[in-house]
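[1] how would this look folded up:
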Amino acid sequence: MIACFPALLAGAGIRRGAVYGKSDDKAAYPKENPVTPEDLAKTIYLALGVDPNLFLPDREDRPTPIVESGRAITELFG
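    From the prediction side, this is the model:
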């Protein structure tokens, strides 16, 4: 199970005062809408205007995703 970690996002189209997800009564584990670090990365890329599903070439010119998995949390945008 994923443990909770805090994150604060502001600007770049993020809705003011938005709270996403809910933790258990000890704030140790997500109770609703768990978010992974990959979700957070994709959300930040989207907010900065970078396609979160972008592939870039590696040293051997193979397409590599900028973030392997996850999804952008579009519910945070106003």
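[2] quick one: low-confidence parts of the chain?
    1 (pLDDT under 70).
[3] so who does the residue of it most remote from its centre touch?
    Distance from the C-alpha centroid of the chain, by C-alpha atoms, centre = their mean, peaks at residue 60 (28.1 Å). Residues near residue 60 by C-beta atoms under 8 Å, 6 or more residues apart in numbering: none. Any C-beta I mention is one placed from the backbone N, CA and C, and that applies to glycine too.
[4] what's the spacing between it and residue 32?
    In this view, residue 60 and residue 32 are 42 Å apart by C-beta to C-beta, to the nearest Å.
[5] before we move on, the earlier item: next one: the residue farthest from the centre of the chain relative to residue 52, how far apart?
    Residue 60 is 23 Å from residue 52, by C-beta to C-beta.
[6] who's in contact with stretch 12-28?
    Contacts for stretch 12-28 (C-beta under 8 Å, 6+ apart): 3-4, 29-35, 47-48, 73, 75-78.
[7] can you pull out the helices in this protein?
    Here the chain has its helices, by DSSP state H, at 37-47.
[8] leaving aside the residues next to it on the chain, what's closest to residue 55?
    Nearest residue to residue 55 in three dimensions, chain neighbours excluded: residue 63, at 3.9 Å (C-beta to C-beta, 6 or more residues apart in numbering).
[9] tell me the bridge partners for that neighbour.
    residue 57 (DSSP bridges).
[10] residues near it, how many?
    9 (other C-beta atoms under 10 Å).
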